[in-house]
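A.B. asks: coordinates only, sequence not included:
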């Protein structure tokens, strides 16, 4: 089941929200309608600057996730690196549990999809990369010239996101017994490493590969288990340190350690943690994941210092 949320179906109001402004209201209602119909993959080629900037959209994301669906969202097209000041993360891409997709493909003809697109917004919340530069797409017939077919080339993370969502749908059709959380995990675990070695702020785990994800799930029939989360970034602010990390599926909670002392426990769907009392010295951070009552290995240590 695949649903393009921006179709704007007005069928059900967001629970607990009395009013909302267009087009967010339409989008949220469409997302909830889709989840109620059993849709398992939602593509969101859209966004609003700043995590939590729109409570209606946040409520819709939480509702869809509660139904077991996976959301894929565009990372943004500002061509900057997120610093929470001059370059803000995009909602819902940076929401916990949402698969944020960045655009791959430079300006060559054809684009090199191992390179980051210049327009894509880069940040620690990005999970996957997919082709998004010079993508042939359909357009309304009214916008075409007489005698021309209704197609045109477009660029943007809005083009990359449905590519990743469609990859998830292909894996789901091949392995219908696997959960959507397992499929999302496998897409990240099997992604082709591009741009920078390891995790990077443009493509996250790398270029999405549906066939590789299917093979990965077959090779891992029981899922990821309590594997260690991986740091994707650390931002220092005035009197605070913001840690960003990626958590495998199947994790119930994440434990944050500062100088080898447990300082916080957050939900397994979390993608970041803000330490608001780090002091003025350099701190060593590590994170561990818990499945049930068992804590897995901790991540490699990441150092950071508040400004």
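C.D. replies: Nice, I can see it. Model, not experiment: these values are computed from the prediction.

A.B. asks: ok, which stretches of the stretch 1-150 of the chain are strands?
C.D. replies: Secondary structure of the stretch 1-150 of the chain by DSSP state E, counting those that start in this stretch: the strands cover 2-4, 41-44, 48-49, 70-74, 90-91, 99-104, 126-131, 135-138.

A.B. asks: for the stretch 151-300 of the chain, same thing?
C.D. replies: Along the stretch 151-300 of the chain, counting by DSSP E, counting those that start in this stretch, strands occupy 151-154, 230-237, 240-246, 253-258, 261-267, 272-275, 283-291, 294-298.

A.B. asks: sorry, back to before: name the stretch among the strands of the stretch 1-150 of the chain that sits most buried.
C.D. replies: Highest mean neighbour count of these: strand 99-104, a mean of 30 (counted as mean count of other CB atoms under 10 Å). Quick note: C-beta positions are derived from backbone N, CA and C, even for glycine.

A.B. asks: Now do that strand against strand 70-74, angle only.
C.D. replies: Orientation check (axes from the mean of the first three to the mean of the last three CA atoms, to 10 degrees): strand 99-104 against strand 70-74 gives 40 degrees.

A.B. asks: ok and the longest helix seen in the chain relative to strand 99-104, angle-wise?
C.D. replies: In the chain, with assignment by DSSP state H, the single longest helix is helix 157-174. Calculated by the same axes, to 10 degrees, helix 157-174 forms an angle of 120 degrees with strand 99-104.

A.B. asks: residues of helix 157-174 that come out buried?
C.D. replies: By neighbour count on 16 or more other CB atoms under 10 Å, the buried set for helix 157-174 is 157-169, 171-172.

A.B. asks: Spatially, and excluding backbone neighbours, which residue is closest to residue 163.
C.D. replies: Once flanking residues are discounted, residue 163 sits nearest to residue 130: 3.8 Å by CB to CB, 6 or more residues apart in numbering.

A.B. asks: Give the bridge partners for the one you found, please.
C.D. replies: Using DSSP bridges, the beta-bridge partners of residue 130 come out as residue 103.

A.B. asks: and it, what does it touch?
C.D. replies: 101-104, 160-161, 163-164, 167, 207-208 (CB atoms under 8 Å, 6 or more residues apart in numbering).

A.B. asks: Apply 7 Å and report the result again.
C.D. replies: By CB atoms under 7 Å, 6 or more residues apart in numbering, the residues touching residue 130 are 101, 104, 160, 163-164, 207-208.

A.B. asks: Could you do residue 305 as well?
C.D. replies: Counting by CB under 7 Å, 6+ apart, residue 305 touches 236, 281-283.

A.B. asks: Buried ones from those residues, can you make that a PyMOL selection?
C.D. replies: Buried members of the contacts of residue 305 can be picked out in PyMOL with the line below, counting by 16+ other CB under 10 Å:
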select buried, resi 283
